Each structure stands twice: as structure tokens, then as C-alpha cells.
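Chemist: Generate coordinates for the sequence data below:
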Amino acid sequence: MFRKKIFCIGTCLLLASIFLAGCTSPSNAPAAPTAMPTTIQTIPPATVGQNPVSVTTTATVITPATTAVPEGKEVLHDTGTLTTKSYKTYDFKTLMGYKFLYPKDTFKVTIKSEKPVLGYAMNTEQARQLEGSQLIPRYQTYTKGVDWGLIEPSMVLEKATDTTKEFTIENVGPLTYVVDGRWMSYDSAYDNVQSFTYEITIVKTGGPTQQNFNF
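Modeler: The predicted structure follows:
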């Protein structure tokens, strides 16, 4: 009887030890992974009619370039030296290419001179006679003007020192332009004048004669 009690007590102690050992033993099972929070960004769909996107359209306007109207074509430019007894001729045919000039042909003549000179156009045939004593413009003291004598001038600049003037041709014909200092020989105020320089520019500003003639 005593042995049975001892056996029962021993069995109970053994079971208690096993139970206590199972509760206090560390677990070798792997730890479960920690779940990381996932953030999902949700973009709401655009709603028609709400907060419209403003689109700026830039229109390029092309302005046509303005073409400057030409003032004319320079047909002659020359500098020279004169005295009170000399002149210089410029033939429109040989120097400027115009055998004939026609009504409504227009020219702008500019003369700059150290002393006042006469500038005038005349018929080319008559201009060939300027060397004679009959075709000399003379200064008249009583009129304070120029006596042209037999000369039939056109496109006249009188006593030019820095003068520009535009002329229109009225009759068909071959012309020669003349820069003349001889009139001063009839004015005592210019008795002591020796040689002097001048400059002449002729510009064709319009008219029917648009081409050069080679005949």
C-alpha cells in the first residue's frame, strides 16, 4: 500500500515536471514577417466641366516688309575745276546713255561749287558751238541777271553754289548739260577769281525713257 502511494506521488511529480518544462522552453519556430504598410495614391479622374485646363495659343502675324520707294537712279556724278573763262559739258548720250530725252522725263540736278556757276541743259548740236564768242552767257549789271544771248537753255540753275532742282523735259531732243563759269568774267566782283572746284550730280527721277540707247 505504501509503495502504491509512493508510485503515484512520483508519477504526479514527473508529469508536473514535464508540464512545467514545456511551458518554459523557448520556441524554435521562425518569427512571422512583419507586414509593411502599403500606400496607394489614388488620382481621381478628371471631371468634364470642372477646373478646365487653360491652353494659350500664340498666333504669329507676318507683316510684309515695306519696300522703300527709290528716289531715282544716279546717272552722273563728277567733280572738276573751272575758271571765269571756262565751262564743262556733259552729253546725255555719251555719258548717261540717253540719245534722246522725251516729254515727262524728269531729272534732279545738284551743283556744289566754290564760286557761283550757271548750270543748264541745251541741245547737243548747239552745245558744240559754245567755244565761239557768240554763245557766252553774260552778266548784265542793269538787270542783275544773265543775258543768254543765242543760247536756248533749259533745266537752268543760276549762280549755283549748293543748289538742287528737279526738271521735267518738255521737248524731244538730244541734250547736253553745261556747267559754266564764264558769266563771272562780266562781273567785276569776280575779277580776282582764279580756278575753283565744283561737283555735279544728276539723278533720273522718272519718265518714259527707262533704257539706255546704244546707237
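
Chemist: What's the separation between Y142 and L118?
Modeler: Distance from Y142 to L118, counting by Cβ to Cβ, to the nearest Å: 19 Å. Bear in mind the C-beta positions are built from the backbone N, C-alpha and C, glycine included.

Chemist: Next: L76.
Modeler: 17 Å.

Chemist: Who has more neighbours out of those two?
Modeler: Set L76 next to L118 and count neighbours by other Cβ atoms under 10 Å: L118 wins out with 24 against 16.

Chemist: ok, what's across the strand from the residue nearest to the more buried one when sequence neighbours are not counted?
Modeler: Leaving aside its sequence neighbours, L118 sits nearest to D180 (Cβ to Cβ, 6 or more residues apart in numbering; 4.5 Å). Bridge pairing for D180 (DSSP bridges) gives the partners Y87, L118.

Chemist: contacting residues around D180?
Modeler: Y87, V117, L118, G119, Y120, L130, P137 (Cβ atoms under 8 Å, 6 or more residues apart in numbering).

Chemist: quick one: which of the residues you listed is most hemmed in?
Modeler: Across those, the neighbour count under other Cβ under 10 Å reaches its highest value at V117, namely 28 neighbours.

Chemist: And for L82, nearest residue in space, chain neighbours not counted?
Modeler: Counting by Cβ to Cβ, 6+ apart, L82 lies nearest to G181, which is 4.1 Å off, once chain neighbours are set aside.

Chemist: Please enumerate the strands of the chain.
Modeler: Remark: strands assigned in the chain by DSSP state E are 73-82, 87-91, 106-123, 138-140, 145-147, 154-168, 175-180, 196-206.

Chemist: what inclination does the first one have with respect to strand 175-180?
Modeler: The directions of strand 73-82 and strand 175-180 differ by 30 degrees, with axes from the mean of the first three to the mean of the last three Cα atoms, to 10 degrees as the criterion.
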